[in-house]
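In: show me the folded form of this:
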Amino acid sequence: MEKFVKLTSMKPLLLLLCLLPLAFAGHDYGQALTKSILFFEAQRSGYLPHTQRVTWRGNSGLNDGKASGVDLVGGYYDAGDNVKFGLPMAFTVTMLSWSVIEYGKQMAATGELDHAMDAIKWGTDYLIKAHPEPNVLYGEVGDGSTDHYCWQRPEDMTTDRRAYKVDPSNPGSDLAGETAAAMAAASMVFHQSNPAYSGELLQHAYLLFDFADKYRGKYDSSISVAQQYYRSVSGYNDELLWAAAKLYLASGKQYYLDYLGSNGDAMGGTGWGMTEFSWDVKYAGVQTLVAKFLMQGKAGQHASAFERYQEKAEFFLCSCLGKGSKNVQKTPGGLIFRQRWNNLQFVTSASFLSAVYSDYLASSGRNLRCSAGNVAPSELLGFAKSQVDYILGDNPRATSYMVGYGNNYPRQVHHRASSIVSIKVDPSFVSCRGGYATWFSKKARDPNLLVGAIVGGPDAYDNFADQRDNYEQTEPATYNNAPLLGILARLNGGHGGYNQLLPVNVQLQSRRQESTPAPASSNPIAIEQKMTTSWDAKGQKYYRYSTIITNKSDKTLKDSQLSISALWSSVGLNKVGNVYGFPSWLHSLPAGKVWSLVYIHAADPAAVSVFSYSFGIEV
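Out: All right, here's what the predicted structure looks like:
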């Protein structure tokens, strides 16, 4: 560029500088957002819904968990294989939810909010199944070794689908902590459109956090088959802090804010200055959230500790900008470079933090404080935009690393389902090793377009080889896409009207209401819960709850059904899913009458609400 300037007159140079912003503003972020959400439908496991838009996929993993006596059907395949890894899946849900929490209004404006919420719920529905008891969490289905020996469509899987769990004897604080964070974040997303489901998610989050904190240990010591693929290098302290931050956001409970303030020093939240934010290392995310609490004036007695969190949050962001004391490596084309294997996961996560922190700063009227000087919020957002634009094609190769976006994108993705002809086109069985011979080694574009997938990306010198066996560069992952949703919505939404420091009370109105509770005045059934007694047994606290159900109407209620979630014991009622009918001897509940049920819990009370009812004739 310097040589070019010396050989060019000032007038053409000014013209060039005027044209550059137009060139970099040329991406259709709304279209990229639509495509990036679509990718999650290609990663679905289980029974696919009638609304499935990626039509070349079929049902798969329909017996997952059966051998262990638990239903683990559903969830997401993490990348190009057919294993369901709990830690990256939970992180994916956390980041999808955080994207909606911050920029859901912008997603709604593009018509993509419902699809984003569907993507989150597909993950949380599975995570609920994976948490069948307060201190039990299933963290993996299948294993990488047997899975990677085969190249099969998910619909044809013949590999071992064993389920692996953590429990008090085999703890996994990082796995349980991340899952708690996912549940808490998702509970905020559904707070308005589906309050019963939101409450269920929050109950799971409370229990999972307690489990993670009480029984401490690394999950990959208990689920050793995960070590080769998703080893928890950072340990579990970051996930405990991360979960506490998300739980404070979701619940507003002082306990979680105190946890962050009291444990920040001991657990590294105030001490670790990071240059990475990922499915394994959550410190920069925690520090960003705690800095937000500080800017909101919520620190209270923990102000000094929260200031240290903020210093480390800004250390990370300054490093990304290249204006810190220890800067991240970048390619000649300006892309953050952390490692050669799936480097873009670090790019999208760092860009998301840069975008949200830019809005936090702008909302508080502050600048970013770097060792090289103060940085305006707009520069931080500009950095995030530069990374997204690189991914979408503004790079030395003019290659889009989002499949299906632009004209030049990867065609030989390291992904079993996209690289093998759809079972709906050719139902012939693809064998374990036959898939390698017939499809993996085929030097041709994928028969199924994996729209929206963010692949691993280029190397340290901006080089990229579009080859299926080049898994370091051509394999996509759900956690590559999850943070990108928020940034794309932010960039597509323009530059006005952002106040990200307002009280966290997500008021999202999707195009469809998943449940519409009746106004209290029109609801004929009143439900009151209270704890009647408690006791200790073998080191565990138990509570006896009484639920009083009153018919407030002037008519007889018939065919009444209750929705009961986060229930860990039996209540002796007929059950279908989370829906419970009244006992067979109670055919109706006359006007003004009361009925009660009792259950015992080693947790907070279950969430009880009215599911359906009808009126009979008063006699």
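In: helices of the stretch 301-450 of the chain, start to end?
Out: 303-321, 344-364, 377-391, 416-419, 434-435 (DSSP state H, counting those that start in this stretch).
In: quick one: which of the ones you listed is nearest L96?
Out: Minimum separation from L96 across the helices of the stretch 301-450 of the chain (Cβ to Cβ) falls at helix 344-364, 11.0 Å. Placement of C-beta: from N, CA and C, glycine included.
In: what is the closest one packed up against?
Out: If contacts are counted by 3 or more Cβ pairs under 8 Å, 6 or more residues apart in numbering; DSSP states H and E, helix 344-364 sits against helix 86-110, helix 283-295, helix 303-321, helix 377-391, helix 478-492.
In: what helices or strands is the fourth one leaning on?
Out: For helix 377-391, the helices and strands in contact under the criterion 3+ Cβ pairs under 8 Å, 6+ apart are helix 10-24, helix 303-321, helix 344-364, strand 368-370, helix 478-492.
In: minimum distance to T55: which of these has it?
Out: helix 478-492 (19.7 Å).
In: any chance of TSV for the helices and strands packed on helix 377-391, columns mean pLDDT, distance to H415 and mean neighbour count?
Out: Below are those laid out as TSV (pLDDT from 0 to 100; distance: least, Cβ to Cβ, whole Å; neighbours: other Cβ atoms under 10 Å):
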stretch	mean pLDDT	distance to H415	mean neighbour count
helix 10-24	30	30	10
helix 303-321	97	29	21
helix 344-364	96	15	25
strand 368-370	96	38	18
helix 478-492	97	12	28
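In: ok, back up a step: mind giving me a markdown table with the helices of the stretch 301-450 of the chain and columns for distance to A243?
Out: Putting the helices of the stretch 301-450 of the chain into a markdown table (distance: least, Cβ to Cβ, whole Å) gives the following:
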| stretch | distance to A243 |
| --- | --- |
| helix 303-321 | 15 |
| helix 344-364 | 17 |
| helix 377-391 | 25 |
| helix 416-419 | 32 |
| helix 434-435 | 39 |
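In: so for H115, which of the ones you listed sits nearest?
Out: Per Cβ to Cβ, nearest to H115 of the helices of the stretch 301-450 of the chain: helix 344-364, 18.2 Å.
In: orientation of that closest one relative to helix 86-110 in degrees?
Out: For helix 344-364 against helix 86-110, the angle by axes from the mean of the first three to the mean of the last three Cα atoms, to 10 degrees is 50 degrees.
In: sorry, back to before: right, and the helices and strands packed on helix 377-391 - which one's nearest L335?
Out: Distance to L335, taken as Cβ to Cβ, is lowest for helix 344-364 among the helices and strands packed on helix 377-391, at 6.3 Å.
In: only C-alpha atoms, please: export that closest one in CSV.
Out: Only the C-alpha atoms of helix 344-364 are listed here, as CSV (Å, rounded to 0.1, in the frame of the first residue of the first chain):
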residue,chain,number,x,y,z
LEU,A,344,-12.9,-19.4,12.8
GLN,A,345,-14.5,-20.6,16.0
PHE,A,346,-12.2,-18.1,17.8
VAL,A,347,-13.0,-15.4,15.3
THR,A,348,-16.8,-15.5,15.6
SER,A,349,-16.7,-15.6,19.5
ALA,A,350,-14.2,-12.8,19.8
SER,A,351,-16.2,-10.7,17.3
PHE,A,352,-19.4,-11.2,19.3
LEU,A,353,-17.7,-10.0,22.5
SER,A,354,-16.3,-7.0,20.6
ALA,A,355,-19.8,-6.1,19.3
VAL,A,356,-21.6,-6.4,22.6
TYR,A,357,-18.9,-4.6,24.6
SER,A,358,-18.9,-1.8,22.0
ASP,A,359,-22.6,-1.3,22.7
TYR,A,360,-22.0,-1.5,26.5
LEU,A,361,-19.4,1.2,26.3
ALA,A,362,-21.6,3.4,24.0
SER,A,363,-24.5,3.0,26.4
SER,A,364,-22.4,4.1,29.3
